[in-house]
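J.: coordinates only, no sequence provided:
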């Protein structure tokens, strides 16, 4: 399975940057084709939050419904506390959601795909391939 970070979903929904939009679309389609596309409850929650913040939540109901079908797992207290222990070591608890994404992806997937370069600093804590796309 390939875990997709929220920002990939956002770029695939909003065409704010044509290059990133097309790349996100290709990555998602390829993963879907191979039955490897997966997200978590955290990703769908962040996705809904972002669309709401941008005031386009009503226009994106079909996207939300579609992505929700691929929400395979949720995080628990153990995931949050593990993420907390790691973010404290790097003094990066402002990014605790990134750690939580990695906690879940590390348990269930072979790879995580993101546009977020901050994930590069987190690699040493996880045994998962982190693909940072540009």
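T.: Nice, thanks for sending it over. Just so it is clear, the structure is predicted and the values come from calculations on it, not from any experiment.
J.: count of residues packed around residue 125?
T.: Neighbour count for residue 125, taken as other Cβ atoms under 10 Å: 18. All C-beta atoms are positioned from the backbone trio N, CA, C, and that covers glycine.
J.: the residue lying farthest from the centre of the chain: which element?
T.: Taking Cα atoms, centre = their mean, the residue of the chain most remote from its mean C-alpha position is residue 89, at 22.1 Å. Using DSSP states H and E, the element containing residue 89 is helix 77-90.
J.: for that helix, packing partners?
T.: With contacts defined as 3 or more Cβ pairs under 8 Å, 6 or more residues apart in numbering; DSSP states H and E, helix 77-90 has these neighbours: helix 96-108.
J.: state the number of residues packed around the nearest residue to residue 120 once chain neighbours are set aside.
T.: Leaving aside its sequence neighbours, residue 120 sits nearest to residue 132 (Cβ to Cβ, 6 or more residues apart in numbering; 6.1 Å). Using other Cβ under 10 Å, residue 132 is surrounded by 15 other residues.
J.: isn't residue 132 up against residue 118?
T.: No - between residue 132 and residue 118 there is no contact under Cβ atoms under 8 Å: 9.1 Å.
J.: re the thing from before, against residue 121, how distant is the residue farthest from the centre of the chain?
T.: Distance, residue 89 to residue 121, using Cβ to Cβ, to the nearest Å: 11 Å.
J.: returning to what we had before: who are the contact partners of the residue nearest to residue 120?
T.: Residues near residue 132 by Cβ atoms under 8 Å, 6 or more residues apart in numbering: 114, 115, 116, 117, 119, 120.
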